[in-house]
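A.B. asks: Model the following, please.
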Amino acid sequence: MDNHSPAKQTTFYAIGLSYKKADAEIRGKFSLNEQAKTNLLEQAKTNGIESLLVTSTCNRTEIYGFAQHPFQLIHLLCENSVGTVEEFQKYAYVYKQKEALNHIFRVGTGLDSQILGDFEIISQLKSAFVESKKRNLANAYLERLVNSVIQASKKVKNETEISSGATSVSFAAVQYIFKNVAAISNKNILLFGTGKIGRNTCENLVKHSKHDQITLINRTKDKAEKLGKKLNLIVKDYADLQIELQKADVVVVATGAQNPTIDYDILNLKKPLLILDLSIPKNVNENVKQNPFVTLVHVDHLSQITDETLENRKQYIPAAEDIITEILTEFLTWSKGRKYAPTIHALKAKLNAIKESEINHLKKKNADFNEEYTEIITAKLIQKITSHFANHLKDDDTIVDESVAWINKVFQIEPVVK
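C.D. replies: Model (predicted):
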């Protein structure tokens, strides 16, 4: 979408996969931890990608960026995850230009979230942009785009009720526990993993249940202790996991491990146990269901629970879409102007050069030549001519690249390379 020499013409793409078509297992294969994201960005830089944004959450893994062909971005994703190109082709999506822009706006405003109105993704997009900018992988276009998405997100949040009430996976987890576990205030809850989703779930549990039978375990104990101190909860060592699983009535698993950390072999149960696995990739082996005491619920099942709050939000979708259209239109106007402005400036300079040459020629021939008056007239003519070209380029039906190339050719202007 920037101006490039023909050999390096690139297009803005969004590639990735989400809960809509890829289940938790497939999303797990394509998920990127912090190290994988860093590696992907470094590899993109080495490969000559000029601008790129990468995000990976429990619901989606996506790359937004400029490429000559989307396969450059697909290759980066598959190289840095355990997903294959064949799986990508089966479960993923590739959006181009306007479609890609529309997609990032829907994602950032909670319209594409697994739970409608979940705005947690916007902070992920902000963080992703910071990481790209650090590595000079964020051009002016991407910066303006991310800022526009943030602006749309704020406006949707403030001017509609699409996020009314509590939202997000962590809220759905707590809601599920309260609906399905009787006498919750007398039950023992174990939280294994204290990443963002784990922390949010824990805070929601404390807020809504007001009881102290929550135990925290994290592989890195100091992270669990930090949360335990904040919420006044018990913290146990990772080595105590097996014992704590026996004591628990409900286990919420929210770790960032790449392989399952809980399986059938470590469960020695004497009473029913509800396990909620909020991790991507899955952190609870499906074989736990062989234990008759176990009920296993995964993040994808939680999103299928629709209550009145979530149903009520659907009426605000058109208002949110109107906000997206408004801010996306502003962005496209800016983008289009940025594309043709250098050509208009170059055209003006070319016409001024012709004017200077002609005035100098006439001055030499005519001693009574009125230079001041001629300057005024020719300046007005040049302004009118360039305005006609600018209005043509602004028109929605104009194919800017073709018109810019034509103007460059007719007026023998060197193409402006950015």
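A.B. asks: need the contact list for residue 84.
C.D. replies: 29, 78 (CB atoms under 8 Å, 6 or more residues apart in numbering). In this view, the C-beta of every residue, glycine as well, is placed from N, C-alpha and C.
A.B. asks: and with 7 Å instead?
C.D. replies: residue 78 (CB atoms under 7 Å, 6 or more residues apart in numbering).
A.B. asks: Provide a list of residues in contact with the spatially most central residue of the chain.
C.D. replies: Among the residues of the chain, the smallest C-alpha distance to the mean C-alpha position (CA atoms, centre = their mean) belongs to residue 125, namely 4.5 Å. Shown in contact with residue 125 (CB under 7 Å, 6+ apart): 55, 108, 146, 149.
A.B. asks: what secondary structure does it sit in?
C.D. replies: Applying DSSP: H, G, I helix; E, B strand; the rest coil to residue 125 yields a three-state assignment of helix.
A.B. asks: returning to what we had before: please convert the contacts of residue 125 to CSV, extending it with distance to residue 98.
C.D. replies: Listed next are those as CSV, based on distance: CB to CB, whole Å:
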residue, distance to residue 98
55, 20
108, 16
146, 17
149, 15
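A.B. asks: Let's see which of those end up in helices.
C.D. replies: Of the positions in the contacts of residue 125, 108, 146, 149 sit in helices, assigned by DSSP state H.
A.B. asks: Out of these, flag the one nearest to residue 296.
C.D. replies: Of all the ones in helices among the contacts of residue 125, the one sitting nearest residue 296 is residue 108; the distance, using CB to CB, is 32.0 Å.
A.B. asks: And that closest one, how close does it get to residue 151?
C.D. replies: Spatial separation of residue 108 from residue 151 under the definition CB to CB, to the nearest Å is 10 Å.
A.B. asks: Of these two, which one has the most company?
C.D. replies: Comparing residue 108 with residue 151 by other CB atoms under 10 Å, the one with more neighbours is residue 108, at 26 against 15.
A.B. asks: so who does that one touch?
C.D. replies: Applying CB under 7 Å, 6+ apart as the definition, the contact partners of residue 108 turn out to be 121, 122, 125, 149, 152, 153.
A.B. asks: Once you drop chain neighbours, what's closest to it?
C.D. replies: Beyond its immediate neighbours in the sequence, the residue positioned closest to residue 108 (CB to CB, 6 or more residues apart in numbering) is residue 149, lying 3.9 Å away.
A.B. asks: Just to be sure, residue 114 is in a helix?
C.D. replies: No - in this structure, residue 114 is coil, not part of a helix, as judged by three-state DSSP.
A.B. asks: okay, and for the protein, where does confidence drop off?
C.D. replies: Applying pLDDT under 70 to the chain picks out residues 1-8, 164-168, 208-212, 303-309, 340, 396, 398, 400, 415-418.
A.B. asks: Tell me which stretches of the stretch 101-250 of the chain form strands.
C.D. replies: Chain-ordered strands for the stretch 101-250 of the chain, with DSSP state E, counting those that start in this stretch as the definition, fall at 189-192, 214-217, 234-236, 250-253.
A.B. asks: Kindly reformat the ones you listed as CSV and extend each row with mean neighbour count and distance to residue 394.
C.D. replies: Converted to CSV, the strands of the stretch 101-250 of the chain look like this (neighbours: other CB atoms under 10 Å; distance: least, CB to CB, whole Å):
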stretch, mean neighbour count, distance to residue 394
strand 189-192, 26, 56
strand 214-217, 23, 58
strand 234-236, 18, 62
strand 250-253, 25, 54
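A.B. asks: closest to residue 327 out of those?
C.D. replies: Each of the strands of the stretch 101-250 of the chain was checked against residue 327 via CB to CB, and the shortest separation belongs to strand 250-253, namely 36.7 Å.
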